[in-house]
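Asks: Using only what follows, build the 3D model:
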Amino acid sequence: MKQYRFRLNAVAALFALGAWPVASALAAGLEADAQVATLPVADVVVVSATRVGHPSFDLPASIDVIDSARIQDGQIRVNASEALAFVPGLVVQNRQNYAQDLQISSRGFGARSAFGVRGVRLISDGIPASMPDGQGQAATFNLDTAERIEVLRGPFSAIYGNHSGGVIQLFSRDGQGPASVELNVTGGSYGTNKVDLNAQGEANGIGYVLDGSRFRTDGFRDHSAATREQAFGKITVKPNADSKLTIVANSLHQGGTQDPLGATWATFERDPRAGEIDATDPQNPKRTLAERYNTRKSIDHQQIGATYEQRFGDDRLRVMVYGGNRDVIQYQAFTKGFQAPASHSGGVVDFKRDFYGIDTNWTHVNQLAGGKLSTTFGIDYGRSKDDRTGYENYIGDVFGLKGRLRRDEQNVVSSLDPYIQAEWQSGPWMLSAGVRHSKMKVAVDDHYLGNGNDSGSLEFSHTTPVLGVLYQVNPNLNVYASAARGFEAPTLNELFYSGSGSGFNFKLKPATSTNLEAGFKARISNNTRVNAAVFQVHTDDELVVDASSGGRTSYKNASKTVRQGVEVSLDSSLPYGFTTRWALTSLHAVYDEAFGAVAKGSRLPGVPSANLFAELAWKDNLDRYGAAFETVASNKVYAEDSNQEKPAPGYTVFNARVNAKQSLGNWRFKQFARLNNLFDKTYVGSVIVGDSNKRYYEAAPGRNWLLGASAQYVF
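Replies: Numbers count the residues shown, from 1 in each chain. Next up, the predicted model:
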């Protein structure tokens, strides 16, 4: 029974948050609809699942919408994990390491990513934040200007092609109404502070949004200081009543962001904030690996995109083009005395990337068999080119410097994906189907031949069909089922090394999957909504870590896996301005056949078997004051495939926030205070999957606080 302890505790906490106001209302003899507000999460029209706008309630897919209030109010708006925690099926970990970005997984897809996001497609204002190989960076999301985030899970994600175990799509707000200028200032624990200045409005039919911010922190963990600067601009123009042009540009700059690296279990128990000591350090006292090698990363990312939409009655043409560049230099902890093969690229990674793409589609609407048929035909093309070099990370006896050249090559990745998606509606029925054919090409041109020639090319292709059906039992209850085939090609980073040390790994194959889901969506009375889904995913040729040490990780195709689970979410409005939200996920993710030292039935690393978000919130009827109490809980997480090493233990943490708003003439003011980890719980926030040195564990902060204030002037 021990393995079920978290689930029982989670359910108890969930009902404790949701049941208290209901019990109080019943005790007071209130009518069911007395003093009850509208639902906290409305049926916002979404486009992620079918590319044709529908309320999320009426789609045969698991899709959640995070509105701007949840993204921005009471948050510092630096990490997408602040808002995504409330979505079932997602595990989003802030690693307290801005050199490596967030860990995001959807129903287990993407959990083993060593850095960045893979297995989950990221999109911002229709522009991919994932590269053609499937690797993405959530840090490029501008949360200060976000209007909403749509999170799609399950079979319908496959219509986005390669690496679509889930889709996270951010939409920024359009400039509208009178011009306004707003200043936001936030400060908190560990030397954390952020200043954000934005302006928006509409003049002569042209809407504009401008935003710039600077974030800095000393970091919770030793050697984890970071500075992040972001800029964002959006212009919307409507040439006529049936067309719209949107231009979006953004940039991200992180200079010298420190990397604290992972720690062994012994080090975590001794001091969660400490780094791993370098036993070979001649100094006394010995320094940590992060200190001795000054591990760090610098990022410069800029991109611009334009989207044009033209309607012809019920039909629509949409064309989106984008381009950008990304420069990265990273200093790793690769010991000078390590007996590296000749092909090792050294401890400094330096690349300059140019990328661009286009996605164009046509939606046609007509009548068929007494129902409405909407069909979308499209083609999606993307290309990235990296000029990549690698260097030793020492000169003489001084570490953390760019030394001798060890790698010099050009990597080109391109993808070409035609797709068709259609939906038919008649009476209580909706049928939706789609098919996408994805082709990804990788070409390597090796200019450094002293360790052999790594030049070559690879091509991966797969067809991903999806089918879904929804039936409206009554206006307040929809039931649905869906199925799809999906695939995940190796990313460029996963292809860089082979376990034998022979350089670029040309032997990797894509992982393919069969994805099934069934669920219901229900409105209970006028103030409660429940979504529930059961799902199963079978995967062949799962990509797993082969070896990870010396700053490099190699991968291999190893096994079949199965992911089975249940997601349940509830949103309810309660008397006296109270609302509650909870989201519970139970996931059984295991290897379905043995390989190497890994037994059949071993759990997938990086994937908790259960996790919970629950919140009780309140605001007065004039929306001047508000407060919330929330809990986030997770079961234990294994850090490697065999499940023999110490798993990161499960945890439950509690957070609280209060906020206030005022108006004075043309001025609008907001303030908030937030206290995270109220009871100062010591726990592992994330793990580095498969690290050969067993430095798996990344500690989460203890009790910490944030204070924020903003002032807006409306002209």
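Asks: Now do the contacts for the nearest residue in space to residue 556 that is not next to it in sequence.
Replies: Excluding its sequence neighbours, the residue lying closest to residue 556 (C-beta to C-beta, 6 or more residues apart in numbering) is residue 546, at 4.2 Å. C-beta: built from backbone N, CA, C; applies to glycine. By C-beta atoms under 8 Å, 6 or more residues apart in numbering, the contact list for residue 546 reads 498, 499, 554, 555, 556.
Asks: In TSV, list those along with distance to residue 422 and neighbour count.
Replies: Output for the contacts of residue 546, formatted as TSV (distance: C-beta to C-beta, whole Å; neighbours: other C-beta atoms under 10 Å):
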residue	distance to residue 422	neighbour count
498	42	19
499	44	14
554	42	20
555	36	25
556	38	22
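Asks: Would you mind putting those residues into CSV with secondary structure alongside?
Replies: Formatted as CSV, the contacts of residue 546 follow (DSSP: H, G, I helix; E, B strand; the rest coil):
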residue, secondary structure
498, coil
499, coil
554, strand
555, strand
556, strand
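Asks: Quick one: which of these has the lowest pLDDT value?
Replies: The lowest pLDDT within those belongs to residue 499, with 64.
Asks: what sits against residue 111?
Replies: 91, 103, 105, 119, 604, 605, 606, 607, 689 are the contacts of residue 111 under C-beta under 8 Å, 6+ apart.
Asks: so what's the backbone phi/psi at the closest residue in space to it that isn't next to it in sequence?
Replies: Among residues not flanking residue 111 along the chain, residue 606 sits closest, at 3.4 Å (C-beta to C-beta, 6+ apart). Main-chain dihedrals, residue 606, degrees, to the nearest 10: phi 80, psi 0.
Asks: sorry, back to before: which member of the contacts of residue 546 is positioned nearest residue 470?
Replies: Ranked by distance to residue 470 (C-beta to C-beta), the contacts of residue 546 are led by residue 555 at 37.9 Å.
Asks: Pretty sure residue 547 sits against residue 596.
Replies: No - using C-beta atoms under 8 Å, residue 547 is not in contact with residue 596; the gap is 11.7 Å.
Asks: out of those two, which sits in the busier spot?
Replies: Neighbour totals were compared for residue 547 and residue 596, and residue 547 leads with 18 against 12 (other C-beta atoms under 10 Å).
Asks: what's the model's confidence in the helix or strand containing residue 538, averaged?
Replies: Following DSSP states H and E, one finds residue 538 within strand 528-549. Here strand 528-549 scores 90 as its mean pLDDT.
Asks: On the pLDDT front, check the residue nearest to residue 111 for me.
Replies: Reported pLDDT for residue 606: 94.
Asks: cool, and the one 3 residues further on?
Replies: Looking at residue 609, its pLDDT is 96.
Asks: Let me know how buried it is, in neighbour terms.
Replies: Around residue 609 there are 22 residues (other C-beta under 10 Å).
Asks: how about the nearest residue to it, chain neighbours excluded?
Replies: residue 635 (4.7 Å).
Asks: Now that neighbour: phi and psi?
Replies: Torsion angles, degrees, to the nearest 10, at residue 635: phi -80, psi 180.
Asks: just residue 239 next, same as before
Replies: phi -60, psi -30.
Asks: so who does it touch?
Replies: Here residue 239 is in contact with residue 245 (C-beta under 8 Å, 6+ apart).
Asks: Give the residue spans of the stretch 251-400 of the chain that score low on pLDDT.
Replies: Flagging of the stretch 251-400 of the chain using pLDDT under 70 yields the residue ranges 335-344.
Asks: ranges for the helices of it?
Replies: All helices of the stretch 251-400 of the chain, identified by DSSP state H, counting those that start in this stretch, fall at 265-270, 289-292.
Asks: Just the buried positions in the longest one, please.
Replies: Of the residues in helix 265-270, those with enough neighbours to count as buried (16 or more other C-beta atoms under 10 Å) are 265, 267, 268.
Asks: how much space is there between the second one and residue 235?
Replies: According to C-beta to C-beta, to the nearest Å, residue 267 and residue 235 sit 50 Å apart.
Asks: and what of the last one?
Replies: Taking C-beta to C-beta as the criterion, residue 268 is separated from residue 235 by 48 Å.
Asks: Also residue 47?
Replies: For residue 47, the distance to residue 235 - C-beta to C-beta - is 21 Å.
Asks: Between those two, which has more neighbouring residues?
Replies: Neighbour totals were compared for residue 47 and residue 235, and residue 235 leads with 17 against 14 (other C-beta under 10 Å).
Asks: Could you confirm the more buried one falls within a strand?
Replies: Yes - judged by three-state DSSP, residue 235 forms part of a strand.
Asks: Based on its surroundings, how many neighbours for residue 474?
Replies: 9.
Asks: May I have the phi/psi pair for it?
Replies: Residue torsions, per degrees, to the nearest 10, at residue 474 are phi -160, psi 180.
Asks: who's it bridged to?
Replies: residue 477 (DSSP bridges).
Asks: for residue 433, same thing?
Replies: In beta-bridge terms (that is, DSSP bridges), residue 433 pairs with residue 422, residue 467.
Asks: ok, the contacts of residue 546 vs residue 329, which is closest?
Replies: residue 554 (22.0 Å).
Asks: residue contacts, that closest one?
Replies: So residue 554 contacts 497, 498, 499, 505, 545, 546, 547, 548 (C-beta under 8 Å, 6+ apart).
Asks: so it bridges to which residues?
Replies: Under DSSP bridges, the beta-bridge partners of residue 554 are residue 547.
Asks: The one 10 residues further on too?
Replies: Beta bridges link residue 564 to residue 536, residue 588 when assigned by DSSP bridges.
Asks: Just to check, residue 83 is in contact with residue 70?
Replies: Yes - Residue 83 lies in contact with residue 70 (C-beta under 8 Å); the separation is 5.6 Å.
Asks: any shared contact partners between the two?
Replies: Between them, residue 83 and residue 70 share no contacting residue, judged by C-beta under 8 Å, 6+ apart.
Asks: quick one: low-confidence parts of the protein?
Replies: Ranges of the chain meeting pLDDT under 70: 1-43, 335-344, 499-502, 549-552.
Asks: Now do the same contact list for residue 367.
Replies: Residue 367 neighbours (C-beta under 8 Å, 6+ apart): residue 373.
Asks: What's the separation between it and residue 425?
Replies: 11 Å.
Asks: quick one: which of the contacts of residue 546 is nearest residue 391?
Replies: Using C-beta to C-beta, these come closest to residue 391 at residue 554, 19.9 Å.
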